[in-house]
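> sharing a sequence plus its predicted fold:
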Amino acid sequence: MKVLVVGSGGREHTLVWKLKQNSNVEEIFVASGNAGTDQLATNIDIKATNITGLIEFAKKEGVDLTFVGPEAPLVKGIVDNFKTAGLKIFGPTKKAAQLEGSKVFSKDLMKKYDIPTAKYESFTDPQEAIAYIKQEGAPIVVKAEGLAAGKGVVVAQTTKEAIKAVETIMVNEKFGTAGNRIVIEEFLTGEEATVLAFTDGDTIIPMVPSQDHKQAYDGDEGPNTGGMGAYAPAPVVTDELLEEVKEDILVPTIEALKEEGIQYKGVLYTGLMIEDNKAKVLEYNVRFGDPEAQVVLPLLETDLVEIAEAVIDERLGKVNINWSPKTAVCVIMASEGYPIDYNTGKEITGIALAEKIDNINVFQAGTTCKNNQLVTVGGRVLGVTAVGEDYQDTITKAYQGIDKIDFKGAHYRTDIGDKALGYE
């Protein structure tokens, strides 16, 4: 079997690592990959959003199955185009991908079908948005409607900060057309968690819950990033709560889409705020999270290809999906200054030493090889992922791995997983 993985981040490196565990997978291509995927697969120089180029390549090479990592090609319609070309692909269609591509679409859907979420309003006029902020007060949340690589959300503690966010997104167009319309939401309190689920449009199977750390600095301080680390399972999501999330959020979401004439197949990512053992939806994504994939996939014991083919063929209900009882922690090593201004081209050393530690994998993201030397090319550079028996053991192991790795200006949070310790 030949498999194509679309994307170039840590999530894609993790997908390749997982797919390599299937003895039937003979060859894996990655578009366009990174230095880590290049060690396990064949990188190809085709951008993730070059759908025509990807189809031509998949046909030429006889690719049997394609996995899509990032959101942009999904929102652009890669799944529809691959299916039209007679190619097997895992992921939601363009219409289904609106759940992530348009925050207004997803919020309106939740409102219409009584799926628990924060109160909100949407705006295309910045002055109307500012007037609403003054009326509602702070804290309040301002979100660019479209795709902004996880950075288009501002949790404003003051009205001044919220107004500045409106100006940055709508007037200064920091995220381009993604900020032509914004959503302003009530500020929810509690603890965040992520529930990923496999679905074939009928059967929905939640994965082990995880918790991302979005802010750049310790203590959940600083600007939002694409994610500075994650751990799984997240104990704030008890078994009972996970069942409630499935029945009150996941199933109603898939059924709501069905009512709108949309079949959803693939991975559904639901970001939750949990307070008093009750969950509300913060956001949907339409693919594996990054860095959530780096902690969820290492705990998956069932073959990923088997699951993906069952989703595509709409027979997920016949697959038993098993999970390891262990814990996983991923700490992101980022470039100095990320997510705002950062330099690249820094030499990376020590990955091989880190991976000599039992049950540690270093999933690469913003890396490339230049003159036979591994160097940084992005904001999030590495995801040092450990699997262990309990949270303390796993956290300790992950940071032991971090200590072996070096590149100039490396920045990482020192508190990834700390919230889980309070439950032990």
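Yes, it's here. Numbers count the residues shown, from 1 in each chain.
> CA atoms of the longest helix seen in the chain as CSV?
Taking DSSP state H as the criterion, the chain has its longest helix at helix 391-404. Extracted C-alpha coordinates of helix 391-404, given in CSV (Å, rounded to 0.1, in the frame of the first residue of the first chain):
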residue,chain,number,x,y,z
TYR,A,391,1.7,12.0,34.7
GLN,A,392,4.7,12.8,36.9
ASP,A,393,6.8,10.0,35.3
THR,A,394,5.9,11.2,31.8
ILE,A,395,6.4,14.9,32.4
THR,A,396,9.8,14.2,34.0
LYS,A,397,10.8,12.0,31.0
ALA,A,398,9.7,14.7,28.4
TYR,A,399,11.8,17.4,30.1
GLN,A,400,14.7,15.0,30.3
GLY,A,401,14.4,14.8,26.5
ILE,A,402,14.2,18.6,26.2
ASP,A,403,17.5,18.9,28.2
LYS,A,404,19.3,16.8,25.6
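> which ones are touching the residue nearest to the spatial centre of the chain?
The chain has residue 289 as the residue nearest its centroid, 1.7 Å off, counting by C-alpha atoms, centre = their mean. Residue 289 makes contact with 11, 194, 196, 210, 212, 227, 230, 269 under the criterion C-beta atoms under 8 Å, 6 or more residues apart in numbering. Yep, even glycine has a C-beta here, placed from its N, CA and C like the rest.
> what does the pLDDT read for it?
Predicted confidence (pLDDT) at residue 289: the value is 96.
> now do residue 150
pLDDT, read off for residue 150, is 68.
> what helix or strand does residue 284 sit in?
Using DSSP states H and E, residue 284 sits within strand 278-285.
> ditto for residue 73
helix 71-76.
> do you have the strands of the stretch 101-250 of the chain handy? List them.
120-123, 140-144, 153-156, 182-186, 191-199, 204-206, 211-212, 215-217, 221-224, 229-232 (DSSP state E, counting those that start in this stretch).
> circling back: what helices and strands are in contact with the strand holding residue 284?
Contact partners of strand 278-285 among helices and strands, from 3 or more C-beta pairs under 8 Å, 6 or more residues apart in numbering; DSSP states H and E: helix 98-101, helix 103-112, helix 239-245, strand 266-275.
> swap the cut-off to 6 Å and go again
With contacts taken as 3 or more C-beta pairs under 6 Å, 6 or more residues apart in numbering; DSSP states H and E, strand 278-285 sits against helix 98-101, strand 266-275.
> just to revisit the earlier point, which parts of the longest helix of the chain are buried?
391, 393, 394, 395, 397, 398, 399, 401, 402, 404 (16 or more other C-beta atoms under 10 Å).
> tell me the pLDDT of the first one.
According to the per-residue confidence, residue 391 scores 97 in pLDDT.
> and what of the fourth one?
Each residue has a pLDDT score; the one for residue 395 is 98.
> ok, it - contacts?
329, 417 (C-beta atoms under 6 Å, 6 or more residues apart in numbering).
> what about 8 Å?
Residues near residue 395 by C-beta under 8 Å, 6+ apart: 231, 329, 386, 416, 417, 418, 421.
> and of these, the nearest to residue 310?
residue 231 (27.6 Å; C-beta to C-beta).
> these two touch, right, that closest one and residue 418?
No - judged on C-beta atoms under 8 Å, residue 231 makes no contact with residue 418 at a distance of 9.3 Å.
> the more surrounded of those two?
Counted by other C-beta atoms under 10 Å, residue 231 and residue 418 do not tie: residue 231 has more neighbours, with 30 against 15.
> name the nearest residue to residue 169, sequence neighbours excluded.
Spatial nearest neighbour of residue 169, excluding adjacent residues (C-beta to C-beta, 6 or more residues apart in numbering): residue 179 at 3.8 Å.
> distance-wise, check the one you found relative to residue 98.
Computed as C-beta to C-beta, to the nearest Å, the residue 179 to residue 98 distance reads 17 Å.
> now do residue 80
Residue 80 is 13 Å from residue 98, by C-beta to C-beta.
> same deal with residue 285?
From residue 285 across to residue 98, the span is 12 Å (C-beta to C-beta).
> please apply the same query to residue 121.
Per C-beta to C-beta, residue 121 is found 19 Å from residue 98.
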